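Next come a sequence and a model predicted from it.
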Amino acid sequence: MAQTKVLPKIGSKIKININKVKDRLPAKLLDQISSNPRAMISGYKMTDGRSIGITAKLQNGEESWFFPEEIEKG
């Protein structure tokens, strides 16, 4: 049976693990995350049919989505 990971609640504060996202994000977004990896969960997103992504609002107000394994409690 597949293991399910409990998703953090909307409004939770998180940190984005830059090492896990640097190969898929544009340079501008990477610079933002490098200077401040903290964000707040604003919602969820269906990714590829196998998992649910996390939509996060960054400190500068921009929103982006991440896989659950790319974030940490913050």
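Okay, I see it. Numbers count the residues shown, from 1 in each chain.

buried residues in the lengthiest strand in the chain?
Assignment by DSSP state E gives strand 38-46 as the longest strand of the chain. In terms of neighbour count (16 or more other CB atoms under 10 Å), strand 38-46 has its buried residues at 39, 41. Quick note: C-beta positions are derived from backbone N, CA and C, even for glycine.

Quick check: next helix or strand after it?
Next helix or strand after strand 38-46 toward the C-terminus (DSSP states H and E): strand 52-58.

Tell me which residue is most central in the protein.
In the chain, the residue lying closest to the centroid (CA atoms, centre = their mean) is residue 66, at 3.4 Å.

need the contact list for that residue.
Applying CB atoms under 8 Å, 6 or more residues apart in numbering, we find residue 66 in contact with 16, 21, 53-54, 56.

Show me what it bridges to in the sheet.
Counting by DSSP bridges, residue 66 forms beta bridges with residue 54.

what's the distance between residue 12 and residue 41?
Counting by CB to CB, to the nearest Å, the gap from residue 12 to residue 41 is 5 Å.

Likewise for residue 56?
Separation of residue 56 from residue 41 (CB to CB): 6 Å.

Then residue 62?
When distance is defined by CB to CB, residue 62 is 14 Å away from residue 41.

now swap in residue 30 and tell me
Residue 30 is 20 Å from residue 41, where distance means CB to CB.

can you confirm residue 10 is in a strand?
No: assignment of residue 10 by DSSP: H, G, I helix; E, B strand; the rest coil gives coil, placing it outside any strand.

Could you find the closest non-adjacent residue to it?
Spatial nearest neighbour of residue 10, excluding adjacent residues (CB to CB, 6 or more residues apart in numbering): residue 41 at 5.3 Å.

residues touching the one you found, list them.
Contact analysis of residue 41 by CB under 8 Å, 6+ apart lists 8-12, 14, 54-57.

Hmm, residue 40 is touching residue 11, no?
Yes: counting by CB atoms under 8 Å, residue 11 is a contact partner of residue 40 at 6.5 Å.

number of nearby residues for residue 30?
16 (other CB atoms under 10 Å).

Got phi/psi on it?
When quoted as degrees, to the nearest 10, the phi and psi of residue 30 stand at phi -60, psi -40.
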